[in-house]
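J.: show me how the following folds:
(one chain, ligands or ions: 2)
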Amino acid sequence: MTKPYVFITRKIETEVLKEWTETFEVKMWEYEERPVPRAILLEEAAKADALLTMLSDKMDRELLDVAKNLKVIANLAVGYDNIDVPSATEKGITVCNTPDVLTDTTADLAFALLMATARRIVEAAEIVKEGKWTGWSPMLLAGHDIHHKTIGVVGMGKIGETVAKRATGFDMDILYHNRSRNVAAEERLGARYTSFEELITTSDFIVCLTPLTNETAGMFNKEAFMKMKQSAIFINVARGAVADEEALYEALVKGEIAGAGLDVFKQEPIGPDHPLLTLPNVVALPHIGSASVETRQGMIMLCLDNITHVLSGKQPKTIVKL
Ligand SMILES: NC(=O)C1=CN([C@@H]2O[C@H](COP(=O)(O)OP(=O)(O)OC[C@H]3O[C@@H](n4cnc5c(N)ncnc54)[C@H](OP(=O)(O)O)[C@@H]3O)[C@@H](O)[C@H]2O)C=CC1
Ligand SMILES: O=CC(=O)O
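T.: Numbers count the residues shown, from 1 in each chain. Ligands and ions are numbered 1, 2, ... in the order given. Below is the predicted model of the structure:
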């Protein structure tokens, strides 16, 4: 009997894969840091029973049309904006993601980014390493306080709520905005539900943790940045396209807001000459929200489990539902 064929779109290291080859025929793209070229992805999709994919792999209609044997796409991420889920579902292809396992790790990074931006940690560390520290002075690299300020979380889901939990340790007031109320977060954390308008106008830190959808694309636009406090700091750990990057740049240059901490960009990797990277009040990270060794291993294991489940006719652990 032929083994089901599984294509993994990046090089991943895990012991489990050795056992896996007894049950499945496994092929892996050979590079860890370079995405599989589209032409190869299309070729592999045409043969595969399962694909273990990354955010950089576009699982669109063109690909799904050639993927005649495909039964499952296991995305190594909780976000699945790279996948045409309605088309996959229509074709009977199960789409899986990695919620929960990455929640705490991503919340840690979001809060670290908030702190680094507010307290100018990256600028400060560079000055020391570059030998530009000439001595203590009263206002040297004076940043913004975090404690007792107001944090506004847009997208108070699993990660948003976990960020808010960290904010309680800093005696912060917590506002949030979703399409629906998160009563559990209100009770557990004392968070207050507000409109998007109230949140952006009154928060000191605006943290975006929504998925990227047609509704959220560009929600942080020129108008939104203009309404923020001049001392506000914008943190985006969701997806680059939820913010209009040109409007964000303008707002930072004109002093309409005080700073931005960005883990995600519209185009990834962001080009080194992107205007946002020229600004000292921008802390930019290379999309590392869930990047701890433990969490990435957990995400890989979850993807492999989901593939095994689907290919053996069982219900996967984490499925993306329409
Ligand atoms: N930078 C990184 O490395 C990482 C980034 N992420 C990003 O974070 C996102 C959130 O993950 P997670 O917390 O697990 O997901 P959840 O689904 O638990 O939370 C998403 C939240 O966004 C809210 N939301 C959805 N649409 C809107 C809208 N139009 N307006 C306002 N709020 C909205 C939802 O509430 P409601 O439905 O009531 O509106 C929900 O509370 C992921 O989709 C991903 O894009 C995740 C992990 C790592
Ligand atoms: O961006 C990462 C994710 O898990 O989604």
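J.: what is the burial count for residue 136?
T.: For residue 136, the count of nearby residues is 6 (other Cβ atoms under 10 Å). Where C-beta positions appear, they are placed from N, C-alpha and C, glycine not excepted.
J.: need the per-residue pLDDT for it.
T.: Residue 136 carries a pLDDT value of 97.
J.: C-alpha coordinates for stretch 189-209, PDB please?
T.: The C-alpha coordinates for stretch 189-209 follow below in PDB (Å, rounded to 0.1, in the frame of the first residue of the first chain):
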ATOM      1  CA  LEU A 189      -9.100  41.400  34.800                       C
ATOM      2  CA  GLY A 190     -11.400  44.400  35.400                       C
ATOM      3  CA  ALA A 191     -11.100  45.200  31.700                       C
ATOM      4  CA  ARG A 192     -13.700  47.700  30.300                       C
ATOM      5  CA  TYR A 193     -15.300  47.300  26.900                       C
ATOM      6  CA  THR A 194     -15.300  50.400  24.700                       C
ATOM      7  CA  SER A 195     -15.900  51.400  21.100                       C
ATOM      8  CA  PHE A 196     -12.900  51.500  18.800                       C
ATOM      9  CA  GLU A 197     -13.200  55.300  18.900                       C
ATOM     10  CA  GLU A 198     -13.100  55.600  22.700                       C
ATOM     11  CA  LEU A 199     -10.200  53.100  22.900                       C
ATOM     12  CA  ILE A 200      -8.000  54.900  20.400                       C
ATOM     13  CA  THR A 201      -8.700  58.300  21.800                       C
ATOM     14  CA  THR A 202      -8.100  57.500  25.500                       C
ATOM     15  CA  SER A 203      -5.400  54.800  25.600                       C
ATOM     16  CA  ASP A 204      -1.700  55.400  26.300                       C
ATOM     17  CA  PHE A 205      -0.800  52.100  24.700                       C
ATOM     18  CA  ILE A 206      -2.900  50.700  21.800                       C
ATOM     19  CA  VAL A 207      -2.100  47.000  21.200                       C
ATOM     20  CA  CYS A 208      -3.500  45.300  18.100                       C
ATOM     21  CA  LEU A 209      -4.200  41.600  18.300                       C
END
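J.: and it, anywhere near ligand 1?
T.: Yes: contact of stretch 189-209 with ligand 1 (Cβ under 6 Å from any ligand atom) involves residue 209.
J.: now do that stretch: distance to the chain's middle.
T.: Mean-position distance between stretch 189-209 and its chain equals 19 Å (Cα atoms, centre = their mean, to the nearest Å).
J.: which bits of the stretch 201-322 of the chain sit near ligand 2?
T.: Counting by Cβ under 6 Å from any ligand atom, the stretch 201-322 of the chain sits next to ligand 2 at 289-290.
J.: check the stretch 201-322 of the chain for the residue nearest ligand 1 and tell me.
T.: Residue of the stretch 201-322 of the chain nearest ligand 1, by Cβ to the nearest ligand atom: residue 289 (2.2 Å).
J.: what sits closest to that residue if chain neighbours are left out?
T.: In this structure, residue 289 finds its nearest non-sequential neighbour in residue 106, 4.1 Å apart by Cβ to Cβ, 6 or more residues apart in numbering.
J.: near residue 164, how many residues? Count them for me, please.
T.: Counted with other Cβ under 10 Å, residue 164 comes out at 27.
J.: mind listing the strands for the stretch 101-250 of the chain?
T.: Remark: strands assigned in the stretch 101-250 of the chain by DSSP state E, counting those that start in this stretch are 150-154, 173-177, 192-193, 205-208, 233-236.
J.: re the thing from before, my read: the residue of the stretch 201-322 of the chain closest to ligand 1 touches residue 102, true?
T.: Yes: contact criterion Cβ atoms under 8 Å: residue 289 and residue 102 qualify, at 7.4 Å.
J.: for this structure, where's the lowest mean pLDDT among helices and strands?
T.: Every helix and strand in the chain was compared by mean pLDDT, DSSP states H and E; the lowest is helix 16-23, with a mean of 86.
J.: tell me the helix or strand right after that helix.
T.: Following helix 16-23 in sequence order, the next helix or strand is strand 25-28 (DSSP states H and E).
J.: show me what counts as buried in that next one.
T.: 26, 28 (16 or more other Cβ atoms under 10 Å).
J.: again, but for stretch 29-38
T.: For stretch 29-38, using 16+ other Cβ under 10 Å, the buried residues are 29, 35-36.
J.: so is stretch 243-255 next to ligand 1?
T.: No: residues of stretch 243-255 contacting ligand 1 under Cβ under 6 Å from any ligand atom: none, with a closest distance of 12.6 Å.
J.: what pLDDT, on average, does stretch 182-192 get?
T.: For stretch 182-192, mean pLDDT is 97.
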